[in-house]
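Trainee: give me the fold of what follows.
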Amino acid sequence: MRPGIGADLKLWCGGAVIAAIVAVAIFAPYLAPYDPMQQNLMLRLKPPAWDDGGSTAHLLGTDNYGRDLLSRLIFGSRISILVGLAAMLLSCIIGSFLGMSAGLRSGRVEQVVMRLADAHLALPEVLLAVLVVAAVGGSVLNLVLVLGISGWMVYARISYSQTRSLRERPYVEAARSFGATGLSIIWLHILPQLVPVLTVLSTLQVARVILQETALSFLGLGVPPPAPTWGNILAEGRDRLLIAPWIANLAGLAIILLVWGINMFGNGLRDRLDPRSRPVN
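Mentor: Prediction:
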């Protein structure tokens, strides 16, 4: 039996959007018509080609400094995708290891890890990220570290609950009886069982991290200008929303499209891996 057509449609639609945007980010130097940093005040706030006063020389118009908006959006995709993937991997590695360790070992390790996760969950992630980035400064590395560390609790709780149900399985008990260490049990017996769950969770968490990075850049706490990011392009467009609405609108559309594609792909992947989504004969 195969999952329903809904899962296939989500996977194909989401995957196509993600593949297209990732390809744009990879080949940005070849696709962008201009240098995203190049300024020309004589061309400032030119509308898109389809609007009155627009030109095909700048298909999506220009910003307040005369920089080509299409080029900035193309290069801005690189930072959003890089921060999203790197922060997700960091969160997944930290949270999964701590969660599996706490689930496999009862006692002090379990109490320390899970109480730390509970305390961290009590703090709003965005607020915590704002405080830390404001203190250490905005850069790609700082964003990855802050967003990665602030998101480990979700992976820890999922890994903990799954590991607790797996640690009583016969093959885990057999490994213990043969003297296997906790690390080898996690690596050989627990982690392979968690890969499908962690894959779906990681896919959906990328979208969350991208939105957080965009929010920080929008607040001026992300990668500092003039480096193009979708968040700071959106912030620049906010200040000129009445006279140049295309700047904020196009940046917002790019963010929505990427997040929608990731969520669609993650939901389709979840439906495929969830036995309850399979049709009954």
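Trainee: ok, now how distant is residue 233 from residue 80?
Mentor: 11 Å (C-beta to C-beta, to the nearest Å). (C-beta placed from N, C-alpha, C; glycine too.)
Trainee: residue 208 - how many residues pack around it?
Mentor: If you count neighbours by other C-beta atoms under 10 Å, residue 208 ends up with 20.
Trainee: find the helix or strand that it is a member of.
Mentor: Secondary structure from DSSP states H and E places residue 208 in helix 191-218.
Trainee: average pLDDT for the helix or strand that that helix is followed by?
Mentor: The first helix or strand that comes after helix 191-218 along the chain, using DSSP H and E, is helix 230-238. Here helix 230-238 scores 88 as its mean pLDDT.
Trainee: repeat that for stretch 259-269.
Mentor: For stretch 259-269, the per-residue pLDDT averages 89.
Trainee: pull the residues that contact it.
Mentor: 6-18, 21, 199-200, 203-204, 206-207, 210-211 (C-beta atoms under 8 Å, 6 or more residues apart in numbering).
Trainee: try it again with 6 Å
Mentor: With C-beta atoms under 6 Å, 6 or more residues apart in numbering as the test, stretch 259-269 has contacts from 7, 10-11, 13-15, 17-18, 200, 203-204, 206-207.
Trainee: closest to residue 142 among these?
Mentor: Checking these against residue 142 with C-beta to C-beta, the nearest one is residue 206 at 18.7 Å.
Trainee: residue contacts, the residue nearest the centre of the chain?
Mentor: Among the residues of the chain, the one closest to the centroid is residue 206, at 2.3 Å (C-alpha atoms, centre = their mean). Applying C-beta under 6 Å, 6+ apart to residue 206 gives the contacts 84, 88, 262.
Trainee: going by neighbour count, list what's buried in the host helix or strand of the last one.
Mentor: Residue 262 belongs to helix 245-273 when assigned by DSSP H and E. Within helix 245-273, the residues scored as buried using 16 or more other C-beta atoms under 10 Å are 246-248, 250-252, 254-255, 258-259, 261-272.
Trainee: report the angle between that helix and helix 230-238.
Mentor: Here the directions of helix 245-273 and helix 230-238 differ by 150 degrees (axes from the mean of the first three to the mean of the last three C-alpha atoms, to 10 degrees).
Trainee: can you report phi and psi for the closest residue to residue 216 other than its chain neighbours?
Mentor: Nearest-residue entry for residue 216: residue 222, 4.5 Å, with adjacent residues in sequence omitted and distances by C-beta to C-beta, 6 or more residues apart in numbering. When read as degrees, to the nearest 10, the backbone of residue 222 gives phi -90, psi -150.
Trainee: just residue 68 next, same as before
Mentor: Note on residue 68: backbone dihedrals following degrees, to the nearest 10 are phi -70, psi 120.
Trainee: partners of it in the sheet?
Mentor: Per DSSP bridges, the residues bridged to residue 68 are residue 62.
Trainee: distance of it from residue 187?
Mentor: Distance of residue 68 to residue 187, given as C-beta to C-beta: 49 Å.
Trainee: and for the closest residue to residue 31 other than its chain neighbours, the neighbour number?
Mentor: Distances taken as C-beta to C-beta, 6+ apart put residue 74 closest to residue 31, at 5.6 Å, once the chain neighbours are dropped. By the criterion of other C-beta under 10 Å, residue 74 has 25 neighbours.
Trainee: name the next helix or strand downstream of the helix or strand containing residue 74, please.
Mentor: Secondary-structure assignment from DSSP H and E places residue 74 in helix 69-104. Downstream of helix 69-104, the next assigned helix or strand under DSSP H and E is helix 108-121.
Trainee: hey, what's the angle from that following helix to helix 69-104? Just curious.
Mentor: Angle between the axes of helix 108-121 and helix 69-104 is 150 degrees (criterion: the same axes, to 10 degrees).
Trainee: show me where pLDDT drops low in this structure?
Mentor: Applying pLDDT under 70 to the chain picks out residues 1-5, 178-179, 182, 274-281.
Trainee: of the contacts of stretch 259-269, which is the most crowded?
Mentor: Among those, the one with the most neighbours (other C-beta under 10 Å) is residue 206, at 24 neighbours.
Trainee: now do that one against residue 151, distance only.
Mentor: Between residue 206 and residue 151 the distance is 10 Å, computed by C-beta to C-beta.
Trainee: ok, residue 127 next?
Mentor: 14 Å.
Trainee: out of the two, which sits in the more crowded spot?
Mentor: More neighbours surround residue 151 than the other of residue 127 and residue 151, with 24 against 10 (other C-beta under 10 Å).
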